[in-house]
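>>> Fold the following and give me the result.
(4 chains)
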There are 2 protein chains.
Amino acid sequence: MYSIGEVSEMFNIPISTLRYYDKEGLLINLEKDKSGIRKFNESNLEAIRVIECLKKSGMQIKDIKEFMSWVSEGNKTITKRKNMFLKQKENIEAKIKELQKALNMINYKCWYYTQAEKDGNEKRMKNISLKEMPKEIREIWENVH
Amino acid sequence: MYSIGEVSEMFNIPISTLRYYDKEGLLINLEKDKSGIRKFNESNLEAIRVIECLKKSGMQIKDIKEFMSWVSEGNKTITKRKNMFLKQKENIEAKIKELQKALNMINYKCWYYTQAEKDGNEKRMKNISLKEMPKEIREIWENVH
DNA sequence: TATTGACCTAAAGTCAGGTTTAGGTGTTAC
DNA sequence: GTAACACCTAAACCTGACTTTAGGTCAATA
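Just a heads-up that it's a prediction; the model follows:
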């Protein structure tokens, strides 16, 4: 059993955020002692891991809450929950692809500015043609434009 | 030269958002005709590509604005701009790593719920030990916990 | 015993990043 | 010549996800 302060430290999540998650219904089955103090058990910690993961994958609080409500409904929602994870898998894979595209653009810009820095100005780079680019850079450029 | 409506369609960005970016100073050197209508040229389109990329990499509007102001200051800010892109490259690589970690968790959950669905309940899965997991799943699980 | 520290609630406040509204201009289509 | 369309501004509004504030409980320490 952990206090809110301990959990906050473990996960590096502000106490106010943990209380907010609780208020929003994300922390199902979180117990409180007779004087109202929250006691986190292992399954609450696992819920926090899942919340962090679903947030990273771009899910909104209200949808995470819905998922948590399915968890507490038991066996009859297993398929729903499985499908939700399959969908989040796709979401996250799409996000990674987008980021990789952005990374391509950034790599092109890094090359561009490294060259411009050598030249002391952007004159040459502003009008550079595909033929003048090294093969790897040309591939990136074509990918991005 | 493109109208705001054309640009909105090309990039799938709402007109209101393009106006907002202009108002916030992200679209430097954007010309307007005598009656105040925006005319986008190639370099404005390139700016929009850069904005989209920097947004994906997690940069805030006010920082993108600062970058755009460096662009309009010319050669003396080339090094600044290069360093900014180098830093964003790191940011985006870190983001990809995070997403890959989240994807691991999601893959574990997909496996978990596929098994639970077969069983018709979560009894077996809730208490499953490392030894009972296939090797790939065990590796994921260890990565995540 | 009193003060410190960790916890509590409810409600208000904040911030980024837009979006919507209200009222207006200028050009083309019937 | 009037209506429809694409554009304009300024300002108000909205949403999600927190964070801060104000006021209070309780247990342990000086």
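>>> Please, where are all the helices along chain A?
A:4-11, A:15-23, A:42-56, A:61-73, A:78-119, A:123-126, A:135-144 (DSSP state H).
>>> Let me have the ones you listed in TSV, adding mean pLDDT as columns.
Formatted as TSV, the helices of chain A follow (pLDDT from 0 to 100):
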stretch	mean pLDDT
helix A:4-11	98
helix A:15-23	98
helix A:42-56	97
helix A:61-73	98
helix A:78-119	98
helix A:123-126	96
helix A:135-144	92
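>>> do you know how far the residue nearest to the spatial centre of chain A is from B:Lys118?
Nearest to the mean C-alpha position of chain A, by CA atoms, centre = their mean, lies A:Lys56 at 1.9 Å. A:Lys56 is 28 Å from B:Lys118, where distance means CB to CB, to the nearest Å. For every residue, glycine as well, the C-beta is placed using N, CA and C.
>>> so which of the helices of chain A gets nearest B:Lys80?
helix A:78-119 (9.4 Å; CB to CB).
>>> anything in that closest one near chain B?
Yes - remark: helix A:78-119 sits within contact range of chain B at A:78-79, A:81-82, A:85-86, A:88-89, A:92-93, A:95-96, A:98-100, A:102-103, A:105-107, A:109-110, A:113-114, A:116-117, by CB under 8 Å from any CB of the partner chain.
>>> just the angle between that helix and helix A:61-73, please?
150 degrees (axes from the mean of the first three to the mean of the last three CA atoms, to 10 degrees).
>>> residues contacting the residue lying closest to A:Ile37 once chain neighbours are set aside?
Leaving aside its chain neighbours, A:Ile37 sits nearest to A:Ser3 (7.3 Å; criterion: CB to CB, 6 or more residues apart in numbering or on different chains). Applying CB atoms under 8 Å, 6 or more residues apart in numbering or on different chains, we find A:Ser3 in contact with A:Ile37, A:Arg38, A:Lys39, A:Phe40.
>>> Wait, the residue nearest to the centre of chain A touches B:Ala102, no?
Yes - in this structure, A:Lys56 is within contact of B:Ala102 by CB atoms under 8 Å, at 4.3 Å.
>>> The residue nearest to A:Val144 when sequence neighbours are not counted: neighbour count?
Spatial nearest neighbour of A:Val144, chain neighbours left out: A:Met105 (4.8 Å); criterion: CB to CB, 6+ apart. As a burial measure, A:Met105 scores 24 neighbours (other CB atoms under 10 Å in any protein chain shown).
>>> Next, find the distance separating A:Met105 from DNA strand D.
From A:Met105 across to DNA strand D, the span is 26 Å (CB to the nearest atom of the strand, to the nearest Å).
>>> isn't that residue right next to A:Glu142, touching?
No - taking contacts as CB under 8 Å, A:Met105 lies outside contact range of A:Glu142: 11.9 Å.
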